[in-house]
Each structure stands twice: as structure tokens, then as C-alpha cells.
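1. next come a sequence and a model predicted from it.
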Amino acid sequence: MSAGLRDPQVRRLVPRLALLQTLSALTEGVGLVLLVPLLGTLAGRDTVAVGPIAKAVTSLGFDQTLPALLALFVVLVAARAALVLARNRAALSLELALIDGLRQRAWRALLGADWRTLQGLRRSDQASLLITNLDRVGHGVNQLLLATTSVVTLLALALAALAIYPLFALGGLLAGMLVLLAYRRLRQQATALGEAFGAIWDRVHGAIGEALGALRSIKTLGREAQAEAMVMQGFAELGAARHAWHSSQAMGQFLLQTGGAAVLALLVWLALAGWHLPAATVLPLIAVFARALPLLGTLQEAWQQWRHAAPALAAAEAQIAAMDAAAEPSAIAAERIELARAMHLSSVTLHYAGQVAPALAGVSVAIPARQITALVGPSGAGKSSLADLLAGLLVPDAGTIAVDKAVLDPAKLRTWRGQVAYIDQEPLVLAASVGDNLRWAAPAADEPRLWQALEDAAAADFVRALPQRLETRLGDGGRRLSGGERQRLMLARALLRDPQLLILDEATSALDTENEMAIAAALAQLRGRMTIVLIAHRGALLDLADHVIRLDSGQVVDES
Ligand SMILES: Nc1ncnc2c1ncn2[C@@H]1O[C@H](COP(=O)(O)OP(=O)(O)OP(=O)(O)O)[C@@H](O)[C@H]1O
């Protein structure tokens, strides 16, 4: 959050908010002090006990007549209302600027992290961070800003009470401080509840993400009731945590109201029976106290709320720091890396954290340029890991990968990735038009280029048959298209990048023979234009390969 304070917008908003808070608090204090001569005038008696206030009012050019005092009172209330409105707007802008800054930092850190780290992440944890956690922080920040307002207003009220009758004011201040101290346990409880709340939200996001990702399996396995129970269990825990939290807040308010009433009764009794103050002095003091009490309640509640939200901020900062620590080095001058002869892997070892055996162990192999190479082998053999290394997504733990003679060190990865296109089983299809989906890879591409890519990917025919051709919107996840059409569209998008290396990781494994044949025919046309690496188990795609590398248990067991 401290990083957010360096944001220019935040820096502009903080002093403005501080000024508005101070002014609105002062108008409140002055308004209450004004009650003294007002009540004195109403009672039709001289306000001897509050001579200085009466003098101050008169010196401002106001008669102590009832209409003049009432008019002044209304003007002050109106001024205060206008200031409060401006202050609320400034507070909201500041909250949004801080939270947007944090959200942007979190998102950037996530996108900038290396692939190995991103692979190990639970998507739901990130969704939880970017949505729920940061919303909770926003709520906490809002409460904190409100609390600073309450502090300033309480100070103004304290000054007003001191001006009216110091002893009464000191008694009230002492009681207020004791109340805030007495609430320490509730605030500690708020932190613990906030931590529990975060953990439950993570579980709820996890359960929902899992269920949404597996709707087909849930339906076909007939596990609707279990899926419902899984998600509802999370919401039940959330409900219980909310209940505990609101009870704790309500208890705080109950204690404050009760304690406040007792202190007020004591002070009024002292004022009337002990210090023999006139009603015209005691009534404004009661008004000050009555105004201060809910503010003290707001302050206590805001403090509690902030303690409840603080674990969400700590979790967000920890996640951002972890992502920052895993940041990829920024690309060196983006010089094109030429793949004219071959990619060479020399004694490459890749070991995922938490796994006993390495995914790849001492792999040395060459991928000839402008040919089609197939990676085959049983499940878990290391094919996708090898493809990720070729794509510049991963760096090996040992050994080297070279494009012709250029060794791919971490600083070259981004540049190399810019020359690679990768299609897997579940590529990203945007809920946008066909044209927008294609332009995502090449924003500057004109229409003839889009159609050429569609032709090369055997996708032009079905796009022509769509009601609005390139302008046809695809709906969420490309639902409007069949699996085969989607993959051909993805191939067209990949080709728009004019890649030196095209990787297809089981891109056709979910397709029927006809669709697979269409993609195979398109790839056959691309032979010689770019280097193609396929992971395929069978069928038309495998038949295309000029060169087959067989992997097993992380090692190359055959090449042909
Ligand atoms: N992100 C990861 N974290 C930990 N282990 C991983 C990760 N990705 C892969 N592995 C492990 O590395 C090994 C090789 O996996 P890889 O996905 O490369 O194999 P594959 O040949 O592509 O398998 P499949 O054909 O089933 O996709 C496996 O034992 C797998 O469990």
C-alpha cells in the first residue's frame, strides 16, 4: 500500500482530503459552540458562563439576536454539508486510486512472473487475490479514511467542549480514551477473524473454480449434488465467519452505547449537582457528547474493520512480493533471433519443485529448422515440458538450449517468445469478434492479411459462412464454434504472428478425424515456411512428421 502513496493521483488527493476533513470538522465544532448563545438567547437570559463565546460571536459582526444566530447556524450546517459531500467524494477517489494501484501492481506482478511460478499457481488463489482480497482492502481503506474524519471531528468537538466547560470536556475525553483502550481485545479478534475470512474465501473461490471447470464431468458422472455440497460448504463457512464478525462488531457498539450513556449520566449529574452549571451551558455539552458518542463508535468500528481487512492487504502484498521475486528479466534489445538451421538442446535437465524425478533428464536433441518434428511418448514422458523449453517459457535447471548458435539465456526468452506461436488444447478464445480474436496476435493486420491467415489455416470457408463473417461475435470461450473450427481459428491467429517456430501441443487430440485432417492439410502447406513441433499421439498429424523424437521418463529413447 505504501507504494500506492507514490502515485501522483494519490499524492494530489491526500492533501485535498486532509483539508476538507479539517474544514468539515471545524464547521461542526463551531456549529455546536454556537448552540451556547443560541440556547442562552432562547432561555432569555444572559450567557455569563460562556462570555468568551458570546464575545467571539459578537466580534464576528453577529448580534446575539435569535434570527441572526439561527441564520448563522443554518449557514454553518449548509457549509458543513457541502464540505462533507466534497470530502466523501475525495475519500472515494482516494480509495479507488489506492486499490486500483494495488490491483494493477498485483496483475502486473502476475503477468511478469516466470512460467515455472505461474504453472504452480492455483488460478482460484489469484482470482481470490484480485477480486475478493482487494475488495476487502478497499473496504478497510474506506473505513480508515472515515476514521481519520472521525478523529478530526472528535478533536473539533473536544475543542468545542473545552471552550464551553473544560472540566466536563476532560471527563469526556478521559472516558473516550478508556473506551478505545478497553476495545483492544475486540480489535485482536478482528485480525483473527479477518485471517480466517481470507482463508475461507480462498476455499470458496477454489471450489467454485473447480466446479465450473468440470461442469461436463459433473453432469456425466451425475455428481451435481456433491458439487453443490462442495460449494455450499464454503458458503456455510463464510456465513459462520460473517456471523462471528458481525456479532463482534455489534458487541462493540453495545458496550460503547451502554458505557457512553453511563459516563454521560455521571457527567451531567456532576455538572448540575456538583459544579452547579446553568442549563444553557449543560445542554450544549450534552449535544457535544451526544455527537461525539456515535463518532467514537464509528472510530472504534472503523479500527475494527481495518484490523479485519489488514490480513487481506498482508496476503496481497505477500503474493505480489512472491510474484516480483519470480519476475522474468526484462528483455534485452529486441534483436530478432534467427532459426535457420536447428534448435539444439544439450544435456537439458528440468526438475519441477516438489517432484521426486526430473521431468527431463540430460536430454540432448536437435530440432531441424523448417521441418516438422513430432514429440511422442507415454503420458508424463516430458513432451509438454520439452515444448515449453523450446517455446522459451521455461529455462532448464541444467544444460542449454540454442537457436542456431544463440543460447537462450533468461534475458533472451521474451524476445524468442515473440517469434514463437503455441497452440494447446485449450487456447484462449476471446468473447469478441473473429476479427478481434485474430488481431489480438497482430493488432496492425489489415483485412486481406486476416483472410490470408484464415486461408493458410483452412479456416476461411467456415468464417465466410458465419452471418457477419469477420465481425461475427464468438461468445464466451468461442462457444459459437465447434472444437475443430476453434483450433483452425487459433492456427490462423498463430500464423499472423509470422512465427519462426510453431508448436502444437495436442492441439487436435480432442478433434474428429475430419477436423484433424483439415489441420494436417494446412500444416503440410506450411512445411518449409517455419519450424513446426507437434505433440501428437496418433493420426494424420503424426504422419506429417519429418522427424520423430520419442521420449520416456524424461529421456530421449528413440529418434527417427
Ligand atoms: N507444473 C508442474 N509442476 C510439477 N510437476 C509437473 C508440472 N508439469 C509437469 N510436471 C511433471 O513432469 C513430468 C512430465 O510432464 P509433461 O507434462 O511434460 O509430460 P507429457 O509427456 O507432456 O505428458 P502428457 O502426455 O500426459 O501431457 C510429469 O511427471 C508431470 O507430473
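-> That came through, no problem. Numbering: from 1, shown residues only.

2. check contacts around the residue most central in space within the chain.
-> Nearest residue to the geometric centre of the chain (Cα atoms, centre = their mean): residue 130, 2.2 Å. Contact analysis of residue 130 by Cβ atoms under 8 Å, 6 or more residues apart in numbering lists 103, 106, 107. The way it works is simple: take the backbone N, C-alpha and C, and place the C-beta from them, glycine included.

3. quick one: residue 235 and residue 204 touch, right?
-> Yes. Counting by Cβ atoms under 8 Å, residue 235 touches residue 204, with 6.5 Å between them.

4. who has more neighbours, the two?
-> Counted by other Cβ atoms under 10 Å, residue 235 and residue 204 do not tie: residue 204 has more neighbours, with 20 against 13.

5. that's a strand at residue 347, yeah?
-> Yes. Counting by DSSP: H, G, I helix; E, B strand; the rest coil, residue 347 falls inside a strand.

6. circling back: buried members of the contacts of residue 130 into PyMOL, please.
-> A single PyMOL command selects the buried members of these (16 or more other Cβ atoms under 10 Å):
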select buried, resi 103+106
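
7. format the contacts of residue 130 as JSON lines; extra columns: pLDDT.
-> Output for those, formatted as JSON lines (pLDDT from 0 to 100):
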{"residue": "103", "pLDDT": "86"}
{"residue": "106", "pLDDT": "87"}
{"residue": "107", "pLDDT": "88"}
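
8. now secondary structure and distance to the ligand too, for the contacts of residue 130, in TSV please.
-> Listed next are the contacts of residue 130 as TSV, based on DSSP: H, G, I helix; E, B strand; the rest coil; distance: Cβ to the nearest ligand atom, whole Å:
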residue	secondary structure	distance to the ligand
103	helix	26
106	helix	22
107	helix	22
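
9. pLDDT at residue 43, what is it?
-> If you check residue 43, the pLDDT there is 62.

10. revised request: answer the last question for residue 325.
-> pLDDT, residue 325: 91.

11. for the ligand, what are the nearby residues on this protein?
-> Counting by Cβ under 6 Å from any ligand atom, the chain comes close to the ligand at 119-120, 352, 355, 359, 377, 379-385.

12. in TSV, list these along with neighbour count, distance to residue 159 and pLDDT.
-> TSV is the format used below for the residues of the chain next to the ligand (neighbours: other Cβ atoms under 10 Å; distance: Cβ to Cβ, whole Å; pLDDT from 0 to 100):
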residue	neighbour count	distance to residue 159	pLDDT
119	12	60	82
120	12	57	79
352	14	64	88
355	9	66	84
359	24	69	87
377	21	79	87
379	6	75	85
380	14	73	85
381	22	77	86
382	25	74	90
383	26	75	90
384	16	69	90
385	24	69	92
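
13. identify, from those, the entry nearest to residue 221.
-> Distance ranking of these against residue 221, using Cβ to Cβ, places residue 379 first at 21.3 Å.

14. am I right that that closest one sits in a helix?
-> No. Under three-state DSSP, residue 379 falls outside any helix and is assigned coil.

15. helices along the stretch 251-400 of the chain, start to end?
-> Assigned by DSSP state H, counting those that start in this stretch, the helices in the stretch 251-400 of the chain fall at 279-325, 383-390.

16. just checking, what packs against the first one?
-> So the one you mean is helix 279-325. Judged by 3 or more Cβ pairs under 8 Å, 6 or more residues apart in numbering; DSSP states H and E, the packing partners of helix 279-325 are helix 8-43, helix 66-112, helix 134-164, helix 166-182, helix 184-213, helix 224-269.

17. and the angle from the longest one to helix 134-164?
-> Orientation of helix 66-112 against helix 134-164 (axes from the mean of the first three to the mean of the last three Cα atoms, to 10 degrees) gives an angle of 150 degrees.

18. need the helices and strands packed on helix 279-325 in a markdown table (columns: distance to residue 344).
-> Below are the helices and strands packed on helix 279-325 laid out as a markdown table (distance: least, Cβ to Cβ, whole Å):
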| stretch | distance to residue 344 |
| --- | --- |
| helix 8-43 | 49 |
| helix 66-112 | 28 |
| helix 134-164 | 45 |
| helix 166-182 | 69 |
| helix 184-213 | 38 |
| helix 224-269 | 48 |
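
19. and residue 504, which of those is closest to it?
-> With Cβ to Cβ as the criterion, residue 504 lies closest to helix 184-213 of the helices and strands packed on helix 279-325, at 22.6 Å.

20. ok now the helix or strand that that closest one is followed by, how far from the chain's centre?
-> Using DSSP states H and E, the helix or strand that follows helix 184-213 in sequence is helix 215-221. The chain centre lies 30 Å from the centre of helix 215-221; the measure is Cα atoms, centre = their mean, to the nearest Å.

21. identify the bridge partners of the closest residue to the ligand within the stretch 201-350 of the chain.
-> Residue of the stretch 201-350 of the chain nearest the ligand, by Cβ to the nearest ligand atom: residue 350 (8.0 Å). Beta-bridge pairing for residue 350 (DSSP bridges): residue 360.

22. roughly how far apart are it and residue 385?
-> 5 Å (Cβ to Cβ, to the nearest Å).

23. can you give me the strands in the stretch 451-560 of the chain?
-> With strands called from DSSP state E, counting those that start in this stretch, the stretch 451-560 of the chain shows them at 501-505, 531-535, 547-552, 555-559.

24. doesn't residue 389 make contact with residue 417?
-> No. Residue 417 sits out of contact with residue 389 when judged by Cβ under 8 Å, with a separation of 11.8 Å.

25. okay, stretch 375-382 in CSV with CA atoms only?
-> The C-alpha trace of stretch 375-382 is given here as CSV (Å, rounded to 0.1, in the frame of the first residue of the first chain):
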residue,chain,number,x,y,z
LEU,A,375,7.4,-35.4,-29.9
VAL,A,376,5.8,-38.7,-28.9
GLY,A,377,5.8,-40.9,-25.8
PRO,A,378,3.6,-42.0,-23.0
SER,A,379,1.8,-39.7,-20.6
GLY,A,380,4.2,-38.0,-18.2
ALA,A,381,7.2,-38.6,-20.6
GLY,A,382,8.1,-34.9,-20.6
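
26. and it, how far out from the chain middle?
-> Averaged C-alpha coordinates place stretch 375-382 at 37 Å from its chain's average position (Cα atoms, centre = their mean).

27. pLDDT weak spots in the protein?
-> Applying pLDDT under 70 to the chain flags the ranges 1-6, 29-64, 331-334, 475-479, 507-512, 539.

28. point me to the residue of the stretch 101-250 of the chain nearest the ligand.
-> Proximity of the stretch 101-250 of the chain to the ligand (Cβ to the nearest ligand atom) peaks at residue 119, 3.8 Å away.

29. now residue 231. Nearest residue, chain neighbours left out?
-> Distances taken as Cβ to Cβ, 6 or more residues apart in numbering place residue 207 nearest to residue 231, at 5.0 Å, with adjacent residues excluded.

30. same thing with residue 127?
-> Closest to residue 127 by Cβ to Cβ, 6+ apart is residue 205, at 5.3 Å.
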